[in-house]
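> quick one: sequence and predicted model below, then my questions.
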There are 2 protein chains.
Amino acid sequence: MWKPDRDSAIPLYRQIADHLQEMIVHGEYPPGSPLPSERKLAEQFGVNRSTVVLAYAELRSLGLVESRPGSKTLVSPGWNQSASRTPEWHRYAESGGFLPNLPFLRRIRDALAQDESIIDLASGKLSTDLSPIREINEIMHTCTYHPDNGSDVSQGFPPLREALAAFLERNRGIRTSASSILITSGSQQSLYLISQCLLSHGDAIAVETPSFTRSLSMFQSAGLRIYPLPMDEHGVRPESIRELYSRHRIKMLFVNPNFQNPTGTVLQAERKKQLLDTASELGLPIVEDDPLSLTAYSNNYPLPIRAEDASSNTLYIGSFSKIAAAGLRIGWIVAPKSVIARLADARRQMDMGFSVIPQQIAASFIESQLFQPHMERLRRQLQLKLDTLVASLHRHMDGLVHFSVPQGGMHLWCRVVPQVHDGRFLDEALRSGVAFVPGSVYGAEPGYIRLTYARPQVEEIEAGVVKLAESLRAVME
Amino acid sequence: MWKPDRDSAIPLYRQIADHLQEMIVHGEYPPGSPLPSERKLAEQFGVNRSTVVLAYAELRSLGLVESRPGSKTLVSPGWNQSASRTPEWHRYAESGGFLPNLPFLRRIRDALAQDESIIDLASGKLSTDLSPIREINEIMHTCTYHPDNGSDVSQGFPPLREALAAFLERNRGIRTSASSILITSGSQQSLYLISQCLLSHGDAIAVETPSFTRSLSMFQSAGLRIYPLPMDEHGVRPESIRELYSRHRIKMLFVNPNFQNPTGTVLQAERKKQLLDTASELGLPIVEDDPLSLTAYSNNYPLPIRAEDASSNTLYIGSFSKIAAAGLRIGWIVAPKSVIARLADARRQMDMGFSVIPQQIAASFIESQLFQPHMERLRRQLQLKLDTLVASLHRHMDGLVHFSVPQGGMHLWCRVVPQVHDGRFLDEALRSGVAFVPGSVYGAEPGYIRLTYARPQVEEIEAGVVKLAESLRAVME
């Protein structure tokens, strides 16, 4: 008698569904006939009943079986009436290496897409008034497209890489050259390339926790084992690395040291040095994600780890999305040339590089007189939004949330004092017209939320906080 | 005594290198001391000598060992003198899921990048005179960027999807809607998304052979088992599918039915129907790559399979790269909505979608009065280049190559009559100043070459053929 194979990579429920499907297709269970009860099949195959429930659900979604009251299942009377079959698309859609995005994030995105009136304290996109729209249009309208600009630029448009090398030295204290830079389709693609090309299924990595990176199903999809790198209010604690290394053989560190997403913390300079020393001693690469450091509200910019890295331990990731225009979708990796060559080659297989036009625009923008004034306006406006948010929280949620005020970036990390259920709080907030991100999305312990203030208009912020307070009170009861 | 583990997924040479590295690091072989001979180690570990040679090469590239005359190997005297270690980047660069691109293709690309005077009968890019440069600049200069256009468009800029739905109906007989279209960063990304998200490691697929798709390391990287779908001068032979299905449980078919790359063939209408019927009967999805059908030199356009597909068996892939501008990097997939949703979600994890600017330009271009005149010029010029190529081949290589003249597209597939070595012929051609692609890259049997005529100027073509003839004669001797 057939039994599922417990050593197979195919999940048990799918094996059972396949087996039953074959029996149905071969007429062993004719259309309209009853199938064995879930309990009986579970016994017969030596599996949990829930496994059979899943298998039947699978067959139901294929239209092969139907459920009747009393959890009776029978073969759909008409399943074989159409001669031509459409591929079982949902099966194809469920296979493959990619896990779906996290449910909370999808719920937020769906709500924001459906209802424009929701005040958005969730997404990290710049609002219209923070975006250099006039500047980008001005540049675009004087830009000249030529196809040879875009020929074989899987490493990125050379003039943009030149401009970035100068930009990074001037603004971030990073000495590099155009040949050590890869232009990517935003930080997301930078992380994706690193996880696909420099790490293997089963490798262990250490990721700052909480962190944005923890929210990326991408790493789980790549089969990486993720260990949390603990943090406090001064950022990641470097002394934990050695232990993670000896216990789990971690192969890479992921940090976001400046105005961290979601906590807003800056890794102290002393700790940056320690982190680098430890990594260098262990020969351990650091992936430094640095999308926000240019948003520092004072002129006292925190430097990236890469600026102090003499022995090339760092893969430095940056992007224009948070400081200029998400619509350009331009990010970069600064790394040793051998790594860049590898990533560029792999990228050729993924998408052959991307359009030269946004790259031309970005290169002109950072070299133009328009860039610095834009950055100053961006910083001023972000600070104004933060001040408004903080004042509103004091006014309407005093005692309900605790937070430290960040010195740059766009994220305010709040501890929610009353114990409430993450999902219920989020649902209530979305219903009442405000969006935030539960901290658990970033791997934080329960009871934290991230309020992001780049997207709402200044005038909307207080109303958003009022709604947030109402929702919190509603779920407290 | 330590032995390598033959059941491990880690290659033997790497296990040996790791082992030796550990012994060196722990001082069992001190700096400057000799290591056992390759022969001796091979005996000791029960492996081939070549495995030890690889292991030593690995350690050499890490700077841990040095080679001396007489194939003696010793521990580098100074390997431990620097206290801080740089990560072993080359190891990271070699791990991960991506295989490098094929050596022939890299050799061609490198040669073309280094020497602009090489006449390019290899790459599929449009030459400057075939590209709508004036048109694209005109549109770009009247286009208005707004950040909200680009917010959450991982499925693609909605107005472009609307425009494409109309375009595909008008030009390709495909009835679809904006919600069934995903905009990608070119066909390459379309194929990548399909291979990553709809197929699993170990799945079998059938790919037209020879075909462009066979040249993509991407599929091997994804762990797919690839079975050839045999072709003749009328395209793929549909009767082979059933056998492949029953023998290998293939899960998807990859075809390029119109002006196929590399053979230039058009799949007969009768066979298209048969292919669709068989696939539909087996519930087998067809991935139809259709980058070139609009280039038909006569007005007798071959229709895509998708145009006749009533039961949604087809994932239809198209792109602007071969008909308008590779620099826009815009491709698309037309598929059932559940598939599009899945691919768009996965894509969010890869690169969050791409810049809205090229999408705005493309949408305006296909809806403008500029598009049809451009296409007519493109077809006329491609035909002129083909005629020139064919005449030159008759004049200078008569009896040396055989070919059928295609009715559209940009590829002339030639059988090379004298038996020569692919790699030697290519090297000789590149040296003498002309590039082509050996057929073996596409999975063809030896003795074929692909001559692509989109890139060279009309005036260059005859000179290219003369060089080709010289190179062939040189390697025949």
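Nice, I can see it.
> which of the helices and strands in chain A ranks last by mean pLDDT?
helix A:89-94 (a mean of 64; mean pLDDT, DSSP states H and E).
> so residue A:322 is in contact with residue A:291, correct?
Yes - the pair residue A:322 / residue A:291 is scored as a contact, 4.6 Å apart, by CB atoms under 8 Å. No exception for glycine: its C-beta is placed from N, CA and C like everyone else's.
> how close does the nearest residue to residue A:3 once chain neighbours are set aside sit to residue A:232?
Leaving out its chain neighbours, the residue that sits closest to residue A:3 by CB to CB, 6 or more residues apart in numbering or on different chains is residue A:45, at 6.0 Å. Distance, residue A:45 to residue A:232, by CB to CB, to the nearest Å: 50 Å.
> more neighbours: those two, which one.
When neighbours are counted by other CB atoms under 10 Å in any protein chain shown, residue A:45 and residue A:232 differ, and residue A:45 comes out ahead with 19 against 10.
> quick one: that one from residue A:23, how far?
13 Å.
> next one: residue A:303
Taken as CB to CB, the span from residue A:303 to residue A:23 is 66 Å.
> how about the residue nearest to residue A:3, what does it touch?
A:3-4, A:16, A:51-52 (CB atoms under 8 Å, 6 or more residues apart in numbering or on different chains).
> pLDDT value on it, please?
Note for residue A:45: predicted pLDDT of 90.
> quick one: average pLDDT of the helix of greatest length in chain A?
Criterion DSSP state H: the longest helix present in chain A is helix A:371-397. The predicted model gives helix A:371-397 an average pLDDT of 96.
> before we move on, what about stretch A:411-431?
pLDDT averaged over stretch A:411-431 gives 94.
> how about it: buried residues?
A:411-414, A:416, A:420, A:422, A:425-426, A:428-430 (16 or more other CB atoms under 10 Å in any protein chain shown).
> quick check: the farthest pair among the residues you listed?
A:411 and A:428 (21.7 Å; CB to CB).
> any idea how far the closest residue in space to residue A:405 that isn't next to it in sequence lies from residue A:124?
With sequence-adjacent residues excluded and distances taken as CB to CB, 6+ apart, residue A:405 is closest to residue A:390, at 5.9 Å. Going from residue A:390 to residue A:124 by CB to CB gives 19 Å.
> just residue A:297 next, same as before
Counting by CB to CB - residue A:297 and residue A:124 are separated by 17 Å.
> now do the longest helix of chain A: which elements does it pack against?
Helix A:371-397 sits against strand A:401-403, strand A:411-416, helix A:458-476, with contacts defined as 3 or more CB pairs under 8 Å, 6 or more residues apart in numbering or on different chains; DSSP states H and E.
> and the contacts of the longest strand along chain A?
Counting residues, the longest strand found in chain A (DSSP state E) is strand A:225-232. By CB under 8 Å, 6+ apart, the residues outside strand A:225-232 that reach it are A:202-210, A:214, A:219-220, A:236-237, A:240-241, A:244, A:248, A:250, A:253-255, A:260, A:263, A:265, A:443.
> go with 6 Å
Here strand A:225-232 makes contact (CB atoms under 6 Å, 6 or more residues apart in numbering or on different chains) with A:204-209, A:219, A:236-237, A:240, A:244, A:248.
> stretch A:172-192 too?
Contacts for stretch A:172-192 (CB under 6 Å, 6+ apart): A:155-156, A:160-162, A:164-165, A:168-169, A:218, A:291, A:303-304, A:306-307, A:317, A:319, A:321, A:329, A:331-334, A:337, A:340, A:343-344, A:354, B:350-352, B:354.
> just the buried residues out of the residues you listed, in ChimeraX syntax.
ChimeraX command restricting the contacts of stretch A:172-192 to the buried ones, with burial defined by 16+ other CB under 10 Å:
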select /A:155,156,160,161,162,164,165,168,218,291,303,304,306,307,317,319,321,329,331,332,333,334,340,343,344,354 /B:350,351,352,354
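> narrow the contacts of stretch A:172-192 to those in strands?
A:317, A:319, A:331-334.
> burial check on the residue lying closest to residue A:415 once chain neighbours are set aside, number of neighbours?
The spatial neighbour of residue A:415 that comes closest, neighbours along the chain excluded (CB to CB, 6+ apart), is residue A:402 at 4.5 Å. The burial count assigned to residue A:402 is 13, neighbours taken as other CB under 10 Å.
> again with residue A:315
Around residue A:315 there are 30 residues (other CB under 10 Å).
> same question, residue A:375
If we define neighbours as other CB under 10 Å, then residue A:375 has 16 of them.
> how much space between the residue nearest to residue A:415 and chain B?
Counting by CB to the nearest CB, to the nearest Å, the gap between residue A:402 and chain B amounts to 32 Å.
> buried ones among the contacts of strand A:225-232?
Members of the contacts of strand A:225-232 classed as buried by 16+ other CB under 10 Å are A:204-209, A:219, A:236-237, A:240, A:244.
> now flag whichever of these is closest to residue A:68.
Using CB to CB, those come closest to residue A:68 at residue A:219, 42.7 Å.
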